[in-house]
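**Student:** Compute the structure for the input listed below.
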Amino acid sequence: MARAATTSDAFNAVAEPRRREILDHLASGEHSVNDLVIRLRLEQPSVSKHLRVLRDVGLVRVRRHGRQMFYQANAEGIRPLHEWTKTFERLWAHQLTRVKERAEQKAKDSSEG
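**Tutor:** Residues are numbered from 1 along each chain as shown. Predicted coordinates for the structure are as follows:
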């Protein structure tokens, strides 16, 4: 089965590690393209290409100031990703509880022996 285009939805867009890295940087606030180029140590055309994909699927917003473009994460666009990952929250919480219980039992066994 052919893979969907990266511009078809948010899930396909974030399948690319560099785009996730860009979103990580944008989570802290608005950044210019040049700032992202420096932070990511990538060529400007590559960063712009990734930003365009993220913008096309609604994960980022862009603001122009003179000749510079500033990008920021779009919380509403990211919501579907968040909602989907929330379905696994119970699983993660259960796993953490099991790790905690094992550690507590091991500590108890050590103190008794």
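**Student:** Check the gap between residue 65 and residue 33 for me.
**Tutor:** 11 Å (CB to CB, to the nearest Å). Where you see a C-beta, it was placed from the backbone N, CA and C, and this is true even at glycine.
**Student:** Counting neighbours, go ahead and name the busier of these two.
**Tutor:** residue 33 (16 against 8; other CB atoms under 10 Å).
**Student:** Pretty sure that one sits against residue 69.
**Tutor:** Yes. Residue 33 is in contact with residue 69 according to CB atoms under 8 Å; the separation is 5.3 Å.
**Student:** okay, and the common contacts of those two?
**Tutor:** Common neighbours of residue 33 and residue 69, counting by CB atoms under 8 Å, 6 or more residues apart in numbering, are residue 51.
**Student:** residue contacts, the most centrally placed residue in the chain?
**Tutor:** Central residue of the chain (CA atoms, centre = their mean): residue 20, 4.4 Å from the mean position. Residues near residue 20 by CB under 8 Å, 6+ apart: residue 14.
**Student:** Could you list the alpha-carbon positions for the helix or strand hosting it in CSV?
**Tutor:** In the assignment (DSSP states H and E), residue 20 maps to helix 17-26. What follows is helix 17-26, C-alpha atoms only, in CSV (Å, rounded to 0.1, in the frame of the first residue of the first chain):
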residue,chain,number,x,y,z
PRO,A,17,11.9,13.6,12.4
ARG,A,18,13.1,17.0,11.2
ARG,A,19,9.5,18.3,11.3
ARG,A,20,9.1,17.1,14.8
GLU,A,21,12.4,18.8,15.7
ILE,A,22,11.1,22.0,14.2
LEU,A,23,7.8,21.7,16.2
ASP,A,24,9.9,21.1,19.4
HIS,A,25,11.6,24.5,18.8
LEU,A,26,8.3,26.2,18.0
